[in-house]
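Student: Below are the sequence and a predicted model; questions follow.
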Amino acid sequence: MFINPKENLQQNSNLILQTTIPRPIAWIVTQDENSLINIAPYSLFTPLSFNPPTIIISFRAKEDGSIKDTLRNIQQNRKCTICMVQRDDVDIMYQTSQELPSNQSEAKEFNIETHTIVEKYPPIINSSPIAYFCEFFQEIILEEKGTIPLILNIKRVFIDDKLIKNRESLSIDFNSVGHIMGNRYR
Ligand SMILES: Cc1cc2nc3c(=O)[nH]c(=O)nc-3n(C[C@H](O)[C@H](O)[C@H](O)COP(=O)(O)O)c2cc1C
């Protein structure tokens with residue numbers, strides 16, 4: 001069987017999702033112009049380079065064709081905080097993928113506690129032991145309408161001391177959750 005990705009978009013994306021596994025999940029915290037906290041998971045997310053330290057995340061359009069709140073907030077404020085998901089948080093992380101109206105905060109709606117640890121960046125999710133504080137670097141223009149990848153620069157990283165096994169090599173003990181497809185993880 002062959003697939004022509006342009007003619008079989010859904011089949012092709014299902015195949016990619018089930019073969020490029022597991023992908024890490026960026027649990028992204030952003031803020032709008034009123035400092036309202038938005039939280040959502042993104043797994044079209046991968047490291048792009050170590051020097052400069054960059055990552056890339058792809059934002060698909062909302063059901064109604066408009067851009068996602070996370071993307072809009074990053075375009076406006078140039079900043080986001082990416083929390084890594086630990087096993088116990090998978091259910092609550094999944095809940096935050098619901099499309100809420102832009103003026104509703106997932107932090108409030110799902111009782112997710114957050115606190116600020118780096119000034120001028122969105123807060124981290126309390127239960128997340130690793131967070132990347134990122135700044136907008138570049139937006140990629142794709143041929144396909146509706147998907148917008150962003151390159152972000154990692155400016156600071158937080159690691160809970162409890163995870164650190166060796167400070168010098170920064171060897172850590174962390175069971176990262178990877179996304180397969182839908183609500184399936186490794
Ligand atoms: C594990 C997981 C990974 C996801 N990855 C992506 C992704 O990479 N890109 C995307 O556009 N949506 C992704 N979604 C869907 C978004 O989380 C969802 O559309 C969410 O409502 C976006 O919220 P926002 O508008 O507040 O940014 C993912 C959902 C889940 C559960």
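Tutor: Looks like it came in fine.
Student: So Y94 sits against N183, correct?
Tutor: Yes. Between Y94 and N183 a contact is recorded at 5.7 Å, counting by C-beta atoms under 8 Å. (Each C-beta comes from the backbone N, C-alpha and C, glycine too.)
Student: Now do the helices in this protein.
Tutor: For the chain, the helices defined by DSSP state H cover 9-19, 69-77, 90-95, 106-109.
Student: what's the least confident stretch among these?
Tutor: Ranked by mean pLDDT, these bottom out at helix 9-19, with a mean of 91.
Student: and Q10, how many neighbours?
Tutor: Applying other C-beta atoms under 10 Å, we find 7 residues neighbouring Q10.
Student: related to what we said a few turns ago, can you redo the helices of the chain as a markdown table with distance to P129?
Tutor: Listed next are the helices of the chain as a markdown table, based on distance: least, C-beta to C-beta, whole Å:
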| stretch | distance to P129 |
| --- | --- |
| helix 9-19 | 26 |
| helix 69-77 | 21 |
| helix 90-95 | 14 |
| helix 106-109 | 18 |
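Student: Of those, flag the one that's most buried.
Tutor: Sort the helices of the chain by mean neighbour count, taking mean count of other C-beta atoms under 10 Å, and helix 69-77 sits at the top with a mean of 20.
Student: For it, name the packing helices and strands.
Tutor: If contacts are counted by 3 or more C-beta pairs under 8 Å, 6 or more residues apart in numbering; DSSP states H and E, helix 69-77 sits against strand 26-31, strand 37-42, strand 79-84, strand 130-139, strand 148-159.
Student: So which residues make contact with that helix?
Tutor: Residues outside helix 69-77 that contact it (C-beta atoms under 8 Å, 6 or more residues apart in numbering) are 28, 30-33, 38, 40, 42, 59, 67, 80, 102, 136, 139, 148, 150, 152.
Student: Please list which of the residues you listed also come close to the ligand.
Tutor: Contacts with the ligand within the contacts of helix 69-77, as defined by C-beta under 6 Å from any ligand atom: N38, A40, Y42, F59.
Student: Near the ligand, which residues of the chain are found?
Tutor: Going by C-beta under 6 Å from any ligand atom, the residues of the chain near the ligand are 25, 38, 40-44, 58-60, 68-70, 94, 97-99, 179.
Student: what about 8 Å?
Tutor: Residues of the chain lying near the ligand by C-beta under 8 Å from any ligand atom: 25-26, 28, 30, 38-45, 57-62, 68-73, 93-94, 96-100, 102, 106, 147, 179, 182-183, 185.
Student: quick one, what contacts the closest residue in space to F174 that isn't next to it in sequence?
Tutor: Nearest non-adjacent residue to F174, counting by C-beta to C-beta, 6 or more residues apart in numbering: L163, 5.2 Å away. Shown in contact with L163 (C-beta under 8 Å, 6+ apart): P129, I130, I172, D173, F174.
Student: While we're on the second one, how confident is the model there?
Tutor: What that stands for is I130. 97.
Student: Equivalent analysis for the third one, please.
Tutor: According to the predicted model, the pLDDT of I172 comes to 93.
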